[in-house]
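**Q** Sharing a sequence plus its predicted fold:
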Amino acid sequence: MRNRNLALILNHLHQNSPISRSELSSQLGINKASISTTIRELIDRGIVIEVGVKSGNQDVGHPSIDLMINPDAGRIIGVSINQGIVTAVITDISPNILWRKEVNLPASNLFQENMQVVKNLIQEVCNLARGHKLPILGLGLSIPGMVDIESNRLLAAFELGWQNIDLNVLIEGNEDINFHIGNEAHMSGLGERYFGSSEKSASTLYLNWGLEMSGAIIINENVVPGSMGLAGEVGHFSLDPNGAMCECGNLGCWNTMVNFKAAVSRIQSKIDAGESSCVLEFCNHSLNDLSLNLFIEAVRQGDSVAVGALKETGKWLGIGIANLINLFNPDLIVLGGPLSQAFHLVYPIIQSEVDQRALPWQRNSCQIKPSRYRQDACLIGAVATVIWNIFNNPEEPIRKTFRKKIKR
């Protein structure tokens, strides 16, 4: 019961601050004495702070003092691995990014070399976080693939070409830090629910659109894991049984129509047909060297070939989203990931397809929004995963991580 009440209080504070003790008691149905005892301990441990007297309704003789989670209760490390790059951040609980570094992965794409680069960056960020002289609440690592979250084993990351890898090796030497690994869409979806576009949504479908398409189903504040923690692989439902070969080995996956490779293929077709484009200048006249960021830059500059490829990709994006609306009946779809930087260009195309193909009752109750964090959603999601794990099973990590202040 204590652990349950503690979890309820922490989550409610996180989502509804500033809020008073009496409001916590009323809204959670926990008696005032229990609220007061728990809050006193959380303040003593530096997790909660008082932020002033609430104006308005107060009990006579007892001013109502607002509370909130202390942003500086500790530091959180977020790391994301993607094709060609690994990024690390240190944040507070808000989460404000206090430090950030990106490192390119070796072009050779050799697995051991890539893993060593990731491990080196994790060691660097852990050393820096320790220098903040605050508790390190955990390290969240997001990766574009299917992850067994019980064992921290990567089952498959098709776009990276990695399979059956024990990722615990990445935290060697830093085992005192709570380590959480997850699929980038699952983590991103949780981050949007905690801090972003879907804070008040009861049922959200988060779509991570970039090197591949993946998804997360969020009900209230929880990501639906599925029986093995692998739910949400929307990029691998089949739209064309005779379509292009997907990295997973299947034909005609939605991935093959909407991911970055699909956009590059459309650019190549347009150039082969004689259309002029600045894209080739961006990538030294070889589309093999076209990065996702360079593609987005060409779109921003209004290059007709890049914009045309994006719009064709957006059509298939809209077709898939219409199917998902019919299947899941969410009240919100959040489009995140690197390609969501072009949301304003593809949104009218997506909505047009949804209007044509989704059933009217489902589509009329569903909004489509861009991610608040766009390409950083997976990093914020890794941070949110650390917070979620503390707030939803708090007693052990609080006792382990937060020491009581010595009163003088």
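**A** Alright, I've got the coordinates.
**Q** ok, residue 306 touching residue 295?
**A** Yes: with contacts defined as Cβ atoms under 8 Å, residue 306 counts as touching residue 295 at a distance of 6.3 Å. Every C-beta, even on glycine, is put in place using the N, C-alpha and C of the backbone.
**Q** buried stuff in stretch 40-54?
**A** Within stretch 40-54, the residues that count as buried by 16 or more other Cβ atoms under 10 Å are 42, 45-49, 54.
**Q** I'd like to know which of the residues you listed is nearest to residue 225.
**A** Sorting the buried residues of stretch 40-54 by how near they are to residue 225, with Cβ to Cβ, puts residue 47 at the top with 27.0 Å.
**Q** what pLDDT does that closest one get?
**A** Residue-level confidence at residue 47 comes out at 93, pLDDT.
**Q** Ok, residue 274 next?
**A** pLDDT, residue 274: 92.
**Q** And it, its phi and psi?
**A** The phi and psi torsions at residue 274 (degrees, to the nearest 10) take the values phi 100, psi 0.
**Q** try residue 240
**A** Here is the backbone geometry of residue 240 (degrees, to the nearest 10): phi -140, psi 110.
**Q** hey, what's in contact with both of residue 306 and residue 295?
**A** When contacts are counted by Cβ atoms under 8 Å, 6 or more residues apart in numbering, the set common to residue 306 and residue 295 consists of 267, 279.
**Q** show me where the stretch 201-350 of the chain has helices.
**A** Using DSSP state H, counting those that start in this stretch, the helices found in the stretch 201-350 of the chain span residues 255-258, 260-272, 279-282, 292-300, 304-328, 343-357.
**Q** With the stretch 1-150 of the chain instead?
**A** Under the criterion DSSP H, counting those that start in this stretch, helices of the stretch 1-150 of the chain are mapped to 2-16, 21-28, 32-44, 111-130.
**Q** Need those helices in JSON lines (columns: distance to residue 89 and mean pLDDT).
**A** What follows is these, written out as JSON lines (distance: least, Cβ to Cβ, whole Å; pLDDT from 0 to 100):
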{"stretch": "helix 2-16", "distance to residue 89": "19", "mean pLDDT": "88"}
{"stretch": "helix 21-28", "distance to residue 89": "31", "mean pLDDT": "94"}
{"stretch": "helix 32-44", "distance to residue 89": "26", "mean pLDDT": "93"}
{"stretch": "helix 111-130", "distance to residue 89": "8", "mean pLDDT": "94"}
